[in-house]
Each structure stands twice: as structure tokens, then as C-alpha cells.
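> Structure of the sequence below:
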Amino acid sequence: MAEEGWYTDPYRLHVHRWFSDGSPTNLVRDNGETSKDAPPESPYLEEPQLVAAPSSRAEDDLRRGDDRQGETVDPVEAAWSYFTRSSTGC
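Below is the predicted model of the structure:
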């Protein structure tokens, strides 16, 4: 088993525990808050289950804050607008 990512905490101490290369780590998560708690030396109380990752909104991940979503921009018009403002000092 080579788990990587958030799994249910097999020790039932926290909601989720991060697994790396199949081993539980000290990273834990409860109610959306991440903290650290070393895994105990005891055996698992239950098999860890992969926590489904939230759906990615990759198209918005790298958007600038001043981008106007859904609005198309003519690159030539944008360039002329930029140079016109730059040359007038505005």
C-alpha cells in the first residue's frame, strides 16, 4: 500500500491524517484546520480511506484579481489602449 494524500485517521484521533509513501505522518486535519500530532505506535483501529479531493477549479486557479471573468479581450485593442495611456502619462 503506497498511500499519498489525506486519508481518514486510522487511529480515530483526528478526522484526517496525511499519508506519505504509505506511512501516516504527523499532519492531521480536523474541521478544516491542519495541525501536527505524531501517529501513535499502536496498530490501526481501521483501514485508512482516501478522502475525496474537492473538485478543482483549475481554470480559475491562476486568474488575476483584476481579470474580468467571462469578458473577452481583444489583444490588439488592449495593446493600443496600454500604449496610448503610457504615452500620455495617464
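> What average pLDDT does stretch 78-85 get?
The pLDDT scores in stretch 78-85 average 78.
> which residues touch it?
Stretch 78-85 has contacts (Cβ atoms under 8 Å, 6 or more residues apart in numbering) with no other residue. Backbone N, C-alpha and C define where each C-beta goes, glycine included.
> what does stretch 18-30 give?
Under Cβ under 8 Å, 6+ apart, the answer for stretch 18-30 is 1-7, 9-11, 13-17, 34-39, 48.
> mind listing what's buried in that stretch?
For stretch 18-30, a neighbour-count test (16 or more other Cβ atoms under 10 Å) marks 18-19, 24, 27-29 as buried.
> after the worst-scoring helix or strand of the chain on mean pLDDT, next one along is what?
The weakest-scoring helix or strand in the chain, judged by mean pLDDT, DSSP states H and E, is helix 58-61 (a mean of 53). Following helix 58-61 in sequence order, the next helix or strand is helix 75-88 (DSSP states H and E).
> Take that following helix, keep the C-alpha atoms, and write them as PDB.
Extracted in PDB, the C-alpha atoms of helix 75-88 (Å, rounded to 0.1, in the frame of the first residue of the first chain):
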ATOM      1  CA  PRO A  75      -5.400  41.700 -27.600                       C
ATOM      2  CA  VAL A  76      -4.700  44.400 -30.200                       C
ATOM      3  CA  GLU A  77      -7.200  46.800 -28.700                       C
ATOM      4  CA  ALA A  78      -5.700  46.100 -25.200                       C
ATOM      5  CA  ALA A  79      -2.200  46.800 -26.500                       C
ATOM      6  CA  TRP A  80      -3.200  50.100 -28.200                       C
ATOM      7  CA  SER A  81      -5.000  51.100 -25.000                       C
ATOM      8  CA  TYR A  82      -1.900  50.400 -23.000                       C
ATOM      9  CA  PHE A  83       0.400  52.300 -25.300                       C
ATOM     10  CA  THR A  84      -2.000  55.200 -25.600                       C
ATOM     11  CA  ARG A  85      -2.200  55.600 -21.800                       C
ATOM     12  CA  SER A  86       1.600  55.100 -21.400                       C
ATOM     13  CA  SER A  87       2.500  57.800 -24.000                       C
ATOM     14  CA  THR A  88       0.100  60.400 -22.500                       C
END
